[in-house]
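1. below are the sequence and a predicted model; questions follow.
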Amino acid sequence: DVQLQASGGGVVQAGGSLRLSCVASGFTFDYHHLIWFRQAPGKEREGVSCIRFSDGTTTYGDSVKDRFAISRDNAKNTMYLQMNSLKPEDTAAYYCNVEVVPGLLDYWGQGTQVTVSS
């Protein structure tokens, strides 16, 4: 079975840090783009960050640039999202995504909740 297991969410005060992890099983994601999304209550899903498989190029949403860092460890089939200087507006459920065939097939993790208190 293909599975993505996200973890690392929690409750943190503004200015704090969290590190999210997403472990893949049932397939290897060496040759796929890896993406973190988030969705806050009442809001649309938002792309947070992406790391390409080909050259490791990373991209970030404007709201998290310079505060978040995405990384991958292909040997462990795991992707990470280091989140620093957290703000209350970062509160959301965070989802990991693996783009297997762009526009046709992707896998999703179950989401991990991040709550930032002011």
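-> Here it is on my side, so go on.
2. all contacts plus neighbour counts: C-alpha atoms, from now on.
-> Will do.
3. tally of neighbours for the closest residue to G61 other than its chain neighbours?
-> In space, and not counting its chain neighbours, G61 is closest to V48: 5.2 Å by C-alpha to C-alpha, 6 or more residues apart in numbering. Neighbours of V48 under the rule other C-alpha atoms under 10 Å: 24.
4. now do the SS call for V48.
-> strand (DSSP: H, G, I helix; E, B strand; the rest coil).
5. pull the contacting residues for it.
-> I35, W36, F37, R38, Y60, G61, V64 (C-alpha atoms under 8 Å, 6 or more residues apart in numbering).
6. and the fourth one, that one's in a strand?
-> Translated: R38. Yes - using three-state DSSP, the assignment for R38 is a strand.
7. for the spatially closest residue to it that is not a sequence neighbour, phi and psi?
-> Using C-alpha to C-alpha, 6+ apart and skipping residues adjacent in sequence, the residue nearest R38 is Y94, 4.3 Å away. When read as degrees, to the nearest 10, the backbone of Y94 gives phi -110, psi 130.
8. count of neighbours near Y94?
-> For Y94, using other C-alpha under 10 Å, the count is 28.
9. tell me the predicted confidence for it.
-> Looking at Y94, its pLDDT is 98.
10. pretty sure it sits against V114.
-> Yes - applying C-alpha atoms under 8 Å, one finds Y94 in contact with V114, separated by 7.1 Å.
11. if we can go back for a sec, quick check: PyMOL command selecting the buried ones in the contacts of V48.
-> In PyMOL syntax, the buried subset of the contacts of V48 is picked out as below (16 or more other C-alpha atoms under 10 Å):
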select buried, resi 35+36+37+38+60+64
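12. between the contacts of V48, which sits nearest L81?
-> Closest approach to L81 among the contacts of V48 (C-alpha to C-alpha): W36, at 7.7 Å.
13. please, where are all the strands along the chain?
-> In the chain, strands defined by DSSP state E lie at 3-7, 10-13, 18-25, 33-39, 46-51, 58-60, 68-73, 78-83, 92-101, 105-108, 112-117, listed in chain order.
14. is the residue most central in space within the chain in a bridge, and if so with what?
-> Centroid-nearest residue in the chain, with C-alpha atoms, centre = their mean: W36, separated by 2.8 Å. Here W36 sits in beta bridges with S49, C96, going by DSSP bridges.
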